[in-house]
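Asks: After the sequence you'll find the predicted model.
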Amino acid sequence: MSGGAIGMLIQRLRANLRLTARVFAASLAANLLGLASSFYTMLVLNRYVTHGVDSTLAALTVGVVLSIAFEHLFRHVRLGIAGRIGRAEHERLTTGAFGILMTARSGAGSAEGDAARREALRAPEQIDSALGSANLATLFDLPFALGFILVVALISWPLAAICLVFTLLAIAAGLLAQADMRAVGRDLAQAGADAQGLVTTAIVGRDAVALFGGAKPLLGDWQRAAKALRVVRERMSMRQGRAQSAAQSLQALQGVAVIATGAVLVVRGELDVGSLIGINLLVGRALAPFTRLAQIGESLAMARQAQVRLEQFARTAVEPTGGTSLPRYAGTLELRDLTFTPPGGVTPLLRRLNLSVPAGNILVLKGRNGSGKSTLIRLIAGLADPQEGAVLADGVDIRKFAPSWWRQQIGLLPQEPVFLNRTIRENLLLANPRLSEAELHAVLHRAGADRTVADCAQGLDTPLRNFGHELPTGHRRRLALARALAVGGRLILLDEPTDGLDSEGTATVYRTLIELARSGHTVIIASHDPRILQGASLVLDLDQPNGAVPNGAAMVRDPAGLVTP
Ligand SMILES: Nc1ncnc2c1ncn2[C@@H]1O[C@H](COP(=O)(O)OP(=O)(O)OP(=O)(O)O)[C@@H](O)[C@H]1O
């Protein structure tokens, strides 16, 4: 059985001493009743066999039925209490894991892949089900089962020895079954993940699959994956069945061995019939929790693996919760020897960038596809960290700022805007909860998104679905610009702001840029739009040798401001 999982279990029990004591008390009561009913059977049967009084047998039956009913009641109560033991820890793990997911630094940590993150988020469930009430109850029964063997030994040591041998056999069979199932469990997880991957491909890429001849090969892959999954599931099922059957056989064989040996002892006058029947009941009870050990061991081993995944995930670098802030951000920005290599890469994407952007300037980032424009915007927003160098705002390294404060100084329009699946109003107010209704409408107007909202059936209260992807691209980008402006930050970061916009939308963007420049905002735009390039006061060409304009000397194009279309 997994040592690490036992450690987790002990930790949970120690953290809930009162509940643990109550589970123990309920286990004690249930097992004492089990013991009592066996003893009662022994005593009353002996009397009935000796005297043949029917009322004695009736008393036996009623007494044992009552005892079983109370035992059932205590076991039921115990399950309820045991279920509460891990509740707080489960909540702590799920909340903690989701918190890490939300605040993970991009490009940092070992659990980078999507699959690893999903697995880590499922880990608390796996731990909880392994340490759940049913398994806990069985584990609490183990010491009492040993107690039953001791009681049998006091009456008849040869029968206790038989019971001990079968108990050891059950433990050995459990360990074997666990080892047998572990490898299949891994294959099952892999086969399930493969099949899920194909389902995701069919859903996310359904148009590409339909249009570009993907359907046939995908169906072939699916048939192979489904077959592999079925085969491995059958293997698992076989092994589980084998383990169950071994447990049943052990129980049956123990019964035969106890009755046969007991019969010899009865004939020799060393045991009475009532005791033999009572002992048979007791050894059955003693063996039962041990036959469930294989199943528990397997889920505890899985819980241990889940815990390891969770521990790895917990090492993911997350954003700091605190940090400094400035009384007022004037809007200057500086890149100092900024170097960034994407995770897993060897060549820096951005190498020793040096640049100074005075407050109120418009800097345009240009360069071929993949030259790092979006990445630079993310670095400035503090969404990724450079390996060397720094981004400075009003002379302060932005890593010193509390992320929540720095985000309030920035209005970011990403290249692929994503919204929360809430209403348009909620999305804007989450960006800036202080916005009044009038300011909300003003922001929508400046971004040219008022028509977008008017076109929606419920206006501002229209719920967005699929992260806003159900909106036409142009509408989505206008709303995203409105959200960027809603923040009210001094620094505006726009990634391809005219991409996917019609001429009216493009004109609105130009107008907004002029307004932003006039009101002293610092604007950084990744763009290929010639008009925007023309209107910029600074241009950083990421295609220049070494990836940057040397030594911060960005070209000054048109200091007079933007050109109106
Ligand atoms: N966190 C990251 N993880 C993996 N790769 C990354 C990461 N950040 C940047 N990259 C890689 O860096 C390269 C530059 O991407 P980026 O989107 O910044 O270029 P771009 O100049 O904005 O391109 P485009 O003009 O097509 O928008 C890409 O190959 C991208 O995959």
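Replies: Now that the structure is in, tell me what you want to look at.
Asks: low-scoring pLDDT stretches of this protein, where are they?
Replies: Scanning the chain for pLDDT under 70 picks out the ranges 1-3, 106-113, 545-565.
Asks: At the geometric centre of it, which residue do we find?
Replies: residue 121 (0.9 Å; C-alpha atoms, centre = their mean).
Asks: For that one, give its distance to residue 99.
Replies: 11 Å (C-beta to C-beta, to the nearest Å). (Each C-beta comes from the backbone N, C-alpha and C, glycine too.)
Asks: for residue 452, same thing?
Replies: According to C-beta to C-beta, residue 452 and residue 99 sit 33 Å apart.
Asks: Which one's more surrounded, the two?
Replies: residue 452 (22 against 11; other C-beta atoms under 10 Å).
Asks: Could you give the secondary structure assignment for the more buried one?
Replies: Three-state call for residue 452 (DSSP: H, G, I helix; E, B strand; the rest coil): helix.
Asks: burial of the nearest residue to it once chain neighbours are set aside, as a residue count?
Replies: Leaving aside its chain neighbours, residue 452 sits nearest to residue 475 (4.2 Å; criterion: C-beta to C-beta, 6 or more residues apart in numbering). If you count neighbours by other C-beta under 10 Å, residue 475 ends up with 21.
Asks: what residues are up against residue 475?
Replies: Going by C-beta atoms under 8 Å, 6 or more residues apart in numbering, residue 475 touches 449, 452, 455.
Asks: going on from the helix or strand harbouring residue 266, what's the next piece of helix or strand?
Replies: According to DSSP states H and E, residue 266 maps onto helix 215-267. Scanning forward in sequence from helix 215-267 by DSSP H and E, the next helix or strand is helix 273-291.
Asks: Put the alpha carbons of the next helix or strand along the chain from that next one into CSV.
Replies: Per DSSP H and E, the first helix or strand lying C-terminal to helix 273-291 is helix 293-314. Extracted in CSV, the C-alpha atoms of helix 293-314 (Å, rounded to 0.1, in the frame of the first residue of the first chain):
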residue,chain,number,x,y,z
LEU,A,293,-7.4,-4.1,0.8
ALA,A,294,-6.5,-4.6,-2.9
GLN,A,295,-9.1,-2.2,-4.0
ILE,A,296,-8.2,0.4,-1.3
GLY,A,297,-4.5,0.0,-2.0
GLU,A,298,-5.1,0.7,-5.7
SER,A,299,-7.0,3.9,-5.1
LEU,A,300,-4.5,5.0,-2.4
ALA,A,301,-1.6,4.5,-5.0
MET,A,302,-3.6,6.6,-7.4
ALA,A,303,-4.1,9.2,-4.7
ARG,A,304,-0.3,9.2,-4.1
GLN,A,305,0.3,9.8,-7.8
ALA,A,306,-2.3,12.6,-7.8
GLN,A,307,-0.6,14.1,-4.8
VAL,A,308,2.8,14.1,-6.6
ARG,A,309,1.1,15.9,-9.6
LEU,A,310,-0.4,18.4,-7.3
GLU,A,311,2.9,19.0,-5.6
GLN,A,312,4.6,19.6,-9.0
PHE,A,313,1.8,22.0,-9.9
ALA,A,314,2.2,23.8,-6.6
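Asks: Output the contacting helices and strands for helix 293-314.
Replies: helix 3-15, helix 87-103, helix 114-130, helix 133-155, helix 157-204, helix 215-267 (3 or more C-beta pairs under 8 Å, 6 or more residues apart in numbering; DSSP states H and E).
Asks: among those, which is nearest residue 537?
Replies: helix 87-103 (35.0 Å; C-beta to C-beta).
Asks: Packing partners of that closest one?
Replies: Packed next to helix 87-103, using 3+ C-beta pairs under 8 Å, 6+ apart, are helix 3-15, helix 114-130, helix 293-314.
Asks: how about those helices, which one is nearest the ligand?
Replies: Minimum separation from the ligand across the helices and strands packed on helix 87-103 (C-beta to the nearest ligand atom) falls at helix 114-130, 12.3 Å.
Asks: What angle do helix 293-314 and the closest one make with each other?
Replies: Angle of helix 114-130 versus helix 293-314, following axes from the mean of the first three to the mean of the last three C-alpha atoms, to 10 degrees, is 140 degrees.
Asks: Check the offset of helix 114-130 from the chain's centre.
Replies: 5 Å (C-alpha atoms, centre = their mean, to the nearest Å).
Asks: Sweet, I'm off.
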